[in-house]
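Asker: Sequence and predicted structure below; questions after.
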Protein chains: 2
Amino acid sequence: MAEAVVRGAGRPRDVTVDAAVLRATQDLLLEQGFDRLSVEGVAARAGVAKATIYRRWPGKTALVVAAVAELYHVPPVPDTGDLREDLLACGRTYVHQGRTQAVLAGLMTAMVHEDELRTAATAAIGGPYTALFHQVISRAVERGEAQPDTDVTSVSEVFPALAFHRGAALGLAVDEQMVVRVVDRLLLPLLR
Amino acid sequence: MAEAVVRGAGRPRDVTVDAAVLRATQDLLLEQGFDRLSVEGVAARAGVAKATIYRRWPGKTALVVAAVAELYHVPPVPDTGDLREDLLACGRTYVHQGRTQAVLAGLMTAMVHEDELRTAATAAIGGPYTALFHQVISRAVERGEAQPDTDVTSVSEVFPALAFHRGAALGLAVDEQMVVRVVDRLLLPLLR
């Protein structure tokens, strides 16, 4: 597998290697789960040397978090000009299908008992999604579309918490019906 | 260990045996976790025969759920005459200390990947707490203390979801500060 010859101090340049490693990590997370996944196994699956992986990610936890984050593509902050549409767009970022849903379920399982993974996953994956709500809601307050005394931080946590509870405690996926219900019955009434 | 001689069709009568078995189950859940806990191990720890346990609970999952539920003592529905006080009382049922908090953390870890345990725990432990909020909020609607068009089911899920997210995703315990914040910043504004 080709490697970039010239590399900067920051991100590695060869996206082919990155993609192969992250894909192999996702596959093994699905097949074996977090506990049994090893950097060695990922290297074998991706057809690269272990050292190649360690040059990019410091260890297994960072690798798994990167592999899951790669499936997500957190979108830019929605700005349709309509608060309801913006909130629906934030909520729809939690609607995942097939492979993404399955990889996410594996991550949630492991993060509950792996403190380091939980911390990293919350920062890298949970954080950016909660931040979408935070930015949409702050902007609505600034524009006078939401109550000036809104507790932006508390309201921003409502959807992410309901989505996590639905997935991890109830074993259900977030769907369009839930997105509309939470936006219309909880978020908009809190903001207007 | 003495056993009751006369038993009805329903609950076993000898509460001493029950208490010893549930306590042993809690201890082993803390020491070994759900995966390694066995009915045989509980029997040895409690000093009873395996058959004694199986006469009371159909298997490991039911036993663990009973052992965790036993720590909780879901209180009667609060009715102080003041909606805010009633909601704070519901929220405070999630504030657990020491042993209860540790046993609960072990349960949450296991329930994410054990479908049968998740279903049983949600029904036996999560359900009664969400029902407290549901009853307090429905009653407030009936009494005219809350908006008549309140979506009682959706609002009742907010606190339980935030509490679960805080424990399982963020690794933090529910405390008095969180209870007051959620009631004052989210629940009361949704209801009034």
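Answerer: Yes, it's here.
Asker: Not counting the helix or strand bottoming out on mean pLDDT in chain A itself, show me its contacts.
Answerer: For chain A, using mean pLDDT, DSSP states H and E, the weakest element among its helices and strands is helix A:98-111, scoring a mean of 77. With contact meaning Cβ atoms under 8 Å, 6 or more residues apart in numbering or on different chains, helix A:98-111 is reached by A:26, A:29-30, A:33-35, A:64, A:67-68, A:71-72, A:96, A:117-118, A:121-122, A:125, A:164, A:167-168, A:173, B:112-113, B:169. (Each C-beta comes from the backbone N, C-alpha and C, glycine too.)
Asker: Could you pick out the residues of chain A near chain B for me?
Answerer: Within chain A, the positions near chain B by Cβ under 8 Å from any Cβ of the partner chain are A:108-109, A:111-113, A:115, A:118-119, A:122, A:126, A:151, A:154-155, A:157-158, A:160-162, A:164-166, A:168-171, A:181-182, A:185-186, A:189-190.
Asker: List the ones among those residues that fall in strands.
Answerer: Residues from these lying in strands, with DSSP state E as the criterion: none.
Asker: Just the buried subset of those residues, written out for PyMOL, thanks.
Answerer: Typed into PyMOL, the line below selects the buried ones among the residues of chain A next to chain B, using 16 or more other Cβ atoms under 10 Å in any protein chain shown:
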select buried, chain A and resi 108+109+111+112+113+118+122+126+151+154+155+157+158+160+161+162+164+165+166+168+169+181+182+185+186+189+190
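Asker: A:Thr153 and A:Ala131 touch, don't they?
Answerer: No: with contact defined as Cβ atoms under 8 Å, A:Thr153 and A:Ala131 do not form a contacting pair (11.0 Å).
Asker: overlap in contacts of these two?
Answerer: Where contact means Cβ under 8 Å, 6+ apart, no residue is in contact with each of A:Thr153 and A:Ala131.
Asker: Show me the shaky parts of chain A.
Answerer: Within chain A, the set of residues satisfying pLDDT under 70 comprises A:1-13, A:97.
Asker: let's see it at 80
Answerer: Along chain A, the parts satisfying pLDDT under 80 run over A:1-15, A:72-74, A:96-99, A:101-102, A:104-106, A:108-113, A:168, A:171.
Asker: Pick out the residue nearest the middle of it.
Answerer: The C-alpha lying nearest the average C-alpha coordinate of chain A belongs to A:Ile125 (Cα atoms, centre = their mean; 3.2 Å).
Asker: Could you spell out which stretches of chain A belong to which domain?
Answerer: A:15-69, A:74-191 (automatic domain parsing).
Asker: can you list those domains in JSON lines and add distance to B:Leu104?
Answerer: Compiled in JSON lines, those are given as follows (distance: least, Cβ to Cβ, whole Å):
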{"stretch": "domain A:15-69", "distance to B:Leu104": "22"}
{"stretch": "domain A:74-191", "distance to B:Leu104": "12"}
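Asker: What are the buried residues along the lengthiest helix in chain A?
Answerer: Scanning chain A for the helix with the most residues, using DSSP state H, yields helix A:15-36. Judged by neighbour count (16+ other Cβ under 10 Å), helix A:15-36 contains these buried residues: A:17-18, A:20-22, A:24-29, A:34.
Asker: B:Gly81: which of those is nearest?
Answerer: For B:Gly81, the nearest member of the buried residues of helix A:15-36 is A:Phe34. The distance, counting by Cβ to Cβ, is 49.6 Å.
Asker: nearest residue to that closest one other than its sequence neighbours?
Answerer: Sequence neighbours aside, A:Ala110 is the residue nearest to A:Phe34 in space, at 3.3 Å (criterion: Cβ to Cβ, 6 or more residues apart in numbering or on different chains).
Asker: Report the separation between that neighbour and B:Thr109.
Answerer: Taking Cβ to Cβ, to the nearest Å as the measure, A:Ala110 falls 10 Å from B:Thr109.
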